[in-house]
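A.B. asks: The sequence and its predicted three-dimensional model are supplied below.
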Amino acid sequence: MKDGNQVIDTPVKSTLFGKFYEGIVLGWLKENEHFVPSDGKPRIYWEDVDPVNGNTQLNKLLEDYKAEKQFCTPDGLLEKEDKFYIWEAKNWPLWKEGKKDYDQLRDVLLSLPQLLATEADYRKEKKAVHGFLFSWWSEPIGANALLEEIRTLIAPRTFEIYYTNLILEDCIERQYPWYVQIVTKEKLGVEKFFKDLLGRRMGKRVKRLNNE
């Protein structure tokens, strides 16, 4: 079986996977971690977020956002045992920009002042935020130290990182019905797209050549 990096190994595949991978990650979190995704997305209003001790970078970004923006919209709100968690997903398998993998992850995390939020608005109701779930493509060396740094910074709220390449490998191996359904749906859509690109006449020509 191919690992995640062998499956997503070109920019085209990475872009395509980026269009629907969130449903796979959410399905896996529901299946294996027993989180229940909410319909729609929450909002975090910057005026409700307070700075914390220990990180001037996030505090400075928060100050800038309060001056420039009203709110942000995280990727999801998940519930588990009557507690609510903000979910942020970043999935760039081939994104390098000349940086080491660890530096990429650290730079992204330290550009998310929503990590400081203690509450979120969902359907006009305030929800206390118990923790944050973060999705990243693969685990860089040194990630555990960064994980503990963020946990210490936002305690008592919790923080977890889930690596999409490992989730993908598990889904390929275990063939969850919901996973197969997602992939099959996307496969049919892509096949139709390529048929449309070829056109009716070209499609018949390709079929004829394949039969010769």
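C.D. replies: Structure's in. What do you need? Treat the numbers as computed from the prediction; the structure is a model and nothing was measured. Numbering: from 1, shown residues only.
A.B. asks: what about residue 167, is that helix, strand or coil?
C.D. replies: When classified by DSSP: H, G, I helix; E, B strand; the rest coil, residue 167 comes out as helix.
A.B. asks: ok, it - contacts?
C.D. replies: 24, 25, 28 (C-beta atoms under 8 Å, 6 or more residues apart in numbering). In short, each C-beta sits where N, CA and C put it, glycine included.
A.B. asks: Among those, find me the one that's closest to residue 92.
C.D. replies: residue 25 (13.9 Å; C-beta to C-beta).
A.B. asks: Which helix or which strand is home to the closest one?
C.D. replies: Taking DSSP states H and E as the definition, residue 25 sits inside helix 21-33.
A.B. asks: tell me what that helix is packed against?
C.D. replies: strand 36-37, strand 76-80, strand 83-89, strand 158-163, helix 164-174, helix 177-211 (3 or more C-beta pairs under 8 Å, 6 or more residues apart in numbering; DSSP states H and E).
A.B. asks: most centrally placed residue in the chain?
C.D. replies: Centroid-nearest residue in the chain, with C-alpha atoms, centre = their mean: residue 89, separated by 1.9 Å.
A.B. asks: so residue 135 makes contact with residue 78?
C.D. replies: No - at 11.5 Å, residue 135 does not count as touching residue 78 under the criterion of C-beta atoms under 8 Å.
A.B. asks: intersection of neighbour lists for the two?
C.D. replies: residue 87.
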